[in-house]
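A.B. asks: Need coordinates for the below:
(chains A and B)
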Amino acid sequence: MTGPVTASSRRFAWRVLKADPWAWGIALVLWVVFFTAPLPAGLALRAILDQLPDGDGAPLALLFAVLAGFEVGRWVVLLPAIVQWHGAFAFWHTVPRVNALRSLVHDPGPVTDRLPGSPGEAVSRFRDDARDIAQVLDVWLDIVAALLATTSGIVVLALISVPAAIAIVAPILLVLVIGHLLAERLRRWRWIEREATAGVTGFIGDAFGAIGTVKVAAAEPAVVERFEELGQARADAARRDQVGTQLAQTLGGITANAGLGLALIAIAPAVRRGDLSAGDIGLFTAYATVVAGLPRITARWSAWQRQAEVSAARLARLLPEHADRPDVAADRASAPVTTWLRSGPPPFAPRPAPSPAERTGDLRLERLEVRNLHVRFDEGRPLTGVDLTVPRGAFVAVTGPVGSGKSVLVRALLGLVPRAEGTIAWNGAPIDDPAAFLVPPRAAYVPQVPRLFSESLADTVLLGVDGAGLAEALRRARLDEDLADLADGTDTRVGPKGVRLSGGQVQRAAAARAFVRRPELLVVDDLSSALDVDTEAELWEGLFEVAGELTVIAVSHRPAVLERADEVVELRAGRRISRP
Amino acid sequence: MAASDPSPDARLLAAYLRPERRALGALVATLVVAMVLPLAGPLLIGRFVDAALGGATAGHLAALGALFLAATLTGDALQLVVTWYSVRLAWRVGNRIRLDLCRHALSLDLDWHGDHSAGQLIERIDGDIDAVTRFSSAAVLQLAGNAVLVVGVLVVSAAIDWRASLVIAVTVAIVVVVLVRMRQIAVPFYDEEREVQAHLYGDLEERLGGLEDLRANGAGDWAVHQLHVHSAGWWRTTRRAAVRGDGALSVGGGVFAVGSIAVLGVSAWQCRNGALSVGSVLVLLRFSQMVSDPLWRVAEQLAEAQKALAGARRAGRLLAERSALADGTTRLPPSGPLAVELDDVTFAYAGSGPILHGVCLALAPGRRLGLVGRTGSGKTTIGRLVARLWDTEEGAVRVGGLDVRALALADLRQRVGIVTQDVELFRATVRDNLTVFGATAVDDGPLINALESVGLGPWLATLPHGLDHRLAGGTELSAGEAQLLALARVLLADPAIVILDEASSRLDPETEARIVAATDRLLAGRTAIVIAHRLSTLDQVDEIAVLDHGRLVEHGERDALAADPSSRFHALLVASGSLAT
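C.D. replies: Next up, the predicted model:
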């Protein structure tokens, strides 16, 4: 084991804080009031006790009023403090989430090396790691407020009795040292626990994501057994982690009692001499608790700060720069962003696809050229020196045996897997980043195994584009007839991954999703594998209807398709064997 | 009050805690000692003050201080012991609930799973129970321990001054009422918050899983917009829940502050009257604060309790879900091919129009049936009904002459093997993918043989860890290779009935031809239903059935239908170019 990769959680959290300083600042002011109010209250208590049993100085009623003001007041302040804090806490989660998701959907280059294995684990980045960052900002509030309260308290104590102040502070220092020594171990335990937890959530995601396979294989008992093993391993790791954290925190609580006990011993001579009053002793009891709050918070602080280093690094991994410039990646994940938390985001404004007349310059495809395209083995199937020229309106079919690299070719063309070598040129100009360039309205893609989202059929096809072209796209994808069989037509919810649709319907919905974007170039990866002969033929007709305007690159084995193609690219073991 | 009428969520928790009675008992006993010891603290401070005012020696005073140190530190040490055992207990209980939830969710039907994404289930099985675990590890004990402390304080303070004790009692009572009332108010708001969160994470999980689809179709902004919508929803609900839930802290803290000032007032007045010593005033004040100090912890735990109960309620709801498919008990004959029969089957998925209309179809043991028809004509559904992934509404599905509803589900599904067009791979080892986490118990030898017979031998040879190689994600295998892996999976399971649902649709003709031998082996001696769009795949079948919009419109011997120019099958063969006109 190499141990966790870390990034500066301090810098990360600081940048998130700066994204909305008011959110943190207001919470801080309220928090400081709450933490420091016991100090003046303690002074009032001291004055009251000194009037007993038979004082004659300040009026008791006034002292009681002052005491009540501070004691009750701090609890009144707590309510707005809590509400403000919860809003800020949500904000701190949201900043890295929005940055990471934006980057994942927009940034250049493929995303395969940025996301962890399963979507379940990926969610843990957005959930648990974002929470760790938010907790750092939370503990910063506590630590600033507690430091203020503690230092003021120590000053007052020292003014009254130096031995008492020393006795109360000494255990705090001791506990701080112990906490520091424990920290490294705690961090390691936390990391192991986190990995074990990701294992559990990833497994749930995987097993239930493929529930059909589990059921058909009658594998439920086997899944339960595996789940139990993973859960056991996680429980072992979590137990150690929690007890360790608890130990660090309890050490803090012990200091109040230890400090007070030592103070009582230390002041015995002074009390005997009559230098210290009953009021002073009362004040010591009150302040010992206030001052001793610090180690508990510093323990939490150092633990969470370190823990967040792993989280900051994991969040930064979601950004493309993580490999060579991790600090840049971490900065981008924590960059200021408008979160729209208070009002909700403005309504999504779909951009209508440009009309043919508006398609000028690089919005219009004249010629697509691929030269000497190489893909390395660790990105899937290797591809060696593939050339391809696609003039406007051409229909190019890609064919070849299983594992010959057909999908890799179209995915590399679209920038979904990185190319090791080669150029892709659009109208003669090389494209640096096909993943960002070959998107609607220039290109659209129908994957071999499309992923639909659980919204309504209309939403999962449109994914935010203007709904005007929906009916036409559904018709062209030959989905219009099926609508009659769906309970709510285009409003029917298709379920996770589109489980409520048949395999053929999923494929046609994915085709409609591409059509509705009115691309210049349509890239189709084995559109037809789930369709029957008739439907498939109709679907191709739908495509050929617009042939001449639309340029198509399609992976297919079907003789009928290969016959109609203007050019057939035949691959074998990652090489093109048909002459261009 | 709530305590006299335990809600179902509390009962669920209680049921899981019951087997831990003994451990809980030992814990509570330790806790009682740990909580009673701190009572000595204020008493000793009072003594110290009175001794000081009474002119005791410095040695006597220092001894009192040392005693204070010993008593309180012992209490703290015992608290740590309690933590150690309670965390162990919590994980035992939590994992037991998780396991039951997982088992139960697995048993639910596919309609239910259609409504619940894997991301949501992560929240249900793990996230919710996290709250439950934290609750049972800390809150139960904190509540019990602090109850002991409060009773102790009341008893001891009554011995000093009954009025002060009464004030403390009244304060505690008011705070308890406030906390309980506010808990009831807050729970629906916590429910709402967690619901919004489950949605947020479920949504994210889907987007992250379909990232390439989003990117290549330029739908990234839209996904980000959805995240904004969900985040804003969370912001609203978390603040709303905080006012009700954590607001109890504010109100309770205020009440306690008023209470302890009242105690100070009463005892100061008694002191002026000469009925109490100054030390006793300080003792009573400390006592009144001692019951408020744990308020922080109790209320913290109470917030946990609210989340835990909300989590437990959702767990209870999940456990109360019943699969639409009641398990049967009859077992199939242990070996040999089985007959398949659909008797007047009419079927519709929930929320959509009928898929099958009065389909009657009988297949003798060992016969192979080719099922053809347009997309959406109900072919896949027939396969699903035979494996009893859904139940037919009307009519009956029989396997081996027995109604599938009477059969033990596990038994039935072990005897039916399905290869579908969309192969779902697990992010697990090749071995786990082949055996589905060990559901098929076989040695490495047969595993390797199976891979070789579907033509994946060369691929296996490239893997550095062989069968222990972890499949990382969707991109590692092509869709065609995934289908080959699925074929190997079913070969290993050795079923009596095989359903190939477009099993070779993602294979090119060349690869398909290469695995004919493996398919032959898979079909040999078994009853088979082969669904295919590509009619060439149906060369090996004995019979053909044609479905049209959910109705069986043709069924007969393959050769006879192929030779009959008036048959639909003949027309399809002509249309696909497999047969010259």
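
A.B. asks: Only C-alpha atoms, please: export the helix or strand harbouring B:Val151 in PDB.
C.D. replies: B:Val151 belongs to helix B:140-160 when assigned by DSSP states H and E. Presented in PDB, the C-alpha positions along helix B:140-160 are these (Å, rounded to 0.1, in the frame of the first residue of the first chain):
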ATOM      1  CA  VAL B 140     -28.900   5.400  23.500                       C
ATOM      2  CA  LEU B 141     -26.100   5.400  26.000                       C
ATOM      3  CA  GLN B 142     -25.900   9.100  26.400                       C
ATOM      4  CA  LEU B 143     -29.600   9.200  27.000                       C
ATOM      5  CA  ALA B 144     -29.400   6.400  29.600                       C
ATOM      6  CA  GLY B 145     -26.300   7.800  31.200                       C
ATOM      7  CA  ASN B 146     -27.600  11.300  31.500                       C
ATOM      8  CA  ALA B 147     -30.900  10.100  32.900                       C
ATOM      9  CA  VAL B 148     -28.800   8.500  35.700                       C
ATOM     10  CA  LEU B 149     -26.900  11.800  36.200                       C
ATOM     11  CA  VAL B 150     -30.100  13.800  36.400                       C
ATOM     12  CA  VAL B 151     -31.700  11.500  39.000                       C
ATOM     13  CA  GLY B 152     -28.500  11.600  41.000                       C
ATOM     14  CA  VAL B 153     -28.300  15.400  40.900                       C
ATOM     15  CA  LEU B 154     -31.900  15.700  42.000                       C
ATOM     16  CA  VAL B 155     -31.500  13.300  44.900                       C
ATOM     17  CA  VAL B 156     -28.200  14.900  46.200                       C
ATOM     18  CA  SER B 157     -29.400  18.500  45.700                       C
ATOM     19  CA  ALA B 158     -32.700  17.700  47.600                       C
ATOM     20  CA  ALA B 159     -30.600  16.700  50.500                       C
ATOM     21  CA  ILE B 160     -29.000  20.100  50.500                       C
END
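
A.B. asks: same for the helix or strand following it, what does it pack against?
C.D. replies: Scanning forward in sequence from helix B:140-160 by DSSP H and E, the next helix or strand is helix B:162-209. Here helix B:162-209 touches helix A:60-106, helix A:119-124, helix B:118-122, helix B:140-160, helix B:220-245, helix B:247-272, helix B:278-320, going by 3 or more CB pairs under 8 Å, 6 or more residues apart in numbering or on different chains; DSSP states H and E. C-betas here are computed from N, CA, C, even on glycine.

A.B. asks: need those in a markdown table with distance to A:Thr460 and mean pLDDT, can you?
C.D. replies: Supplementary listing: the helices and strands packed on helix B:162-209 in a markdown table, determined by distance: least, CB to CB, whole Å; pLDDT from 0 to 100:
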| stretch | distance to A:Thr460 | mean pLDDT |
| --- | --- | --- |
| helix A:60-106 | 16 | 94 |
| helix A:119-124 | 17 | 81 |
| helix B:118-122 | 16 | 87 |
| helix B:140-160 | 45 | 85 |
| helix B:220-245 | 11 | 93 |
| helix B:247-272 | 41 | 91 |
| helix B:278-320 | 26 | 81 |
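
A.B. asks: ok but A:Ser404 is inside a strand, no?
C.D. replies: No - the assignment for A:Ser404 is coil, going by DSSP: H, G, I helix; E, B strand; the rest coil, so no strand is present there.

A.B. asks: OK, contacts around it?
C.D. replies: For A:Ser404, the contacting residues are A:Arg381, A:Leu571, A:Arg572, A:Ala573, A:Gly574, by CB atoms under 8 Å, 6 or more residues apart in numbering or on different chains.

A.B. asks: Equivalent analysis for A:Ile154, please.
C.D. replies: By CB under 8 Å, 6+ apart, A:Ile154 lies in contact with A:Ala165, A:Ile168, A:Val169, A:Val291.

A.B. asks: That one sits in which helix or strand?
C.D. replies: Going by DSSP H and E, A:Ile154 is in helix A:130-160.

A.B. asks: shouldn't A:Leu115 be in contact with A:Leu104?
C.D. replies: Yes - here A:Leu115 reaches A:Leu104: they are 7.3 Å apart, a contact under CB atoms under 8 Å.

A.B. asks: These two - which one has more neighbours?
C.D. replies: Counted by other CB atoms under 10 Å in any protein chain shown, A:Leu115 and A:Leu104 do not tie: A:Leu104 has more neighbours, with 23 against 18.

A.B. asks: The more buried one reaches A:Arg114, doesn't it?
C.D. replies: Yes - between A:Leu104 and A:Arg114 there is a contact at 6.8 Å, judged by CB under 8 Å.

A.B. asks: Now do the shared contacts for the two.
C.D. replies: With CB under 8 Å, 6+ apart, A:Leu104 and A:Arg114 have common neighbours A:Leu318.

A.B. asks: returning to that earlier point: can you go through the contacts of A:Ser404 and name the buried ones?
C.D. replies: A:Arg381, A:Leu571, A:Gly574 (16 or more other CB atoms under 10 Å in any protein chain shown).

A.B. asks: What sits closest to residue 354 if chain neighbours are left out?
C.D. replies: Reading this off chain A. Among residues not flanking A:Pro354 along the chain, A:Pro441 sits closest, at 5.7 Å (CB to CB, 6 or more residues apart in numbering or on different chains).

A.B. asks: you looked at the wrong chain, it should be chain B
C.D. replies: B:Ala348 (4.3 Å).

A.B. asks: Distance-wise, check that neighbour relative to B:Leu385.
C.D. replies: 12 Å (CB to CB, to the nearest Å).

A.B. asks: Which of the two has more residues huddled nearby?
C.D. replies: Counted by other CB under 10 Å, B:Ala348 and B:Leu385 do not tie: B:Leu385 has more neighbours, with 24 against 18.

A.B. asks: tell me which element the more buried one is part of?
C.D. replies: Per DSSP H and E: helix B:379-386 holds B:Leu385.

A.B. asks: Give me the contacts around that helix.
C.D. replies: A:502-503, B:340, B:342, B:345, B:347, B:349, B:355-356, B:359, B:361, B:371-373, B:390-392, B:397, B:399, B:404, B:416, B:418, B:420, B:497, B:499, B:501, B:529, B:531, B:547.

A.B. asks: Next up, the contacts around residue 120.
C.D. replies: No chain in the question, so chain A it is. Listed by CB under 8 Å, 6+ apart, the contact partners of A:Gly120 are A:Thr201, A:Gly202, A:Phe203, A:Ile204, A:Gly205, A:Asp206, A:Gly209, B:Ala118, B:Gly119, B:Ile122, B:Glu205.

A.B. asks: That was the other one, I meant chain B.
C.D. replies: Applying CB under 8 Å, 6+ apart, the residues contacting B:Gln120 are B:Ala198, B:His199, B:Tyr201, B:Gly202.
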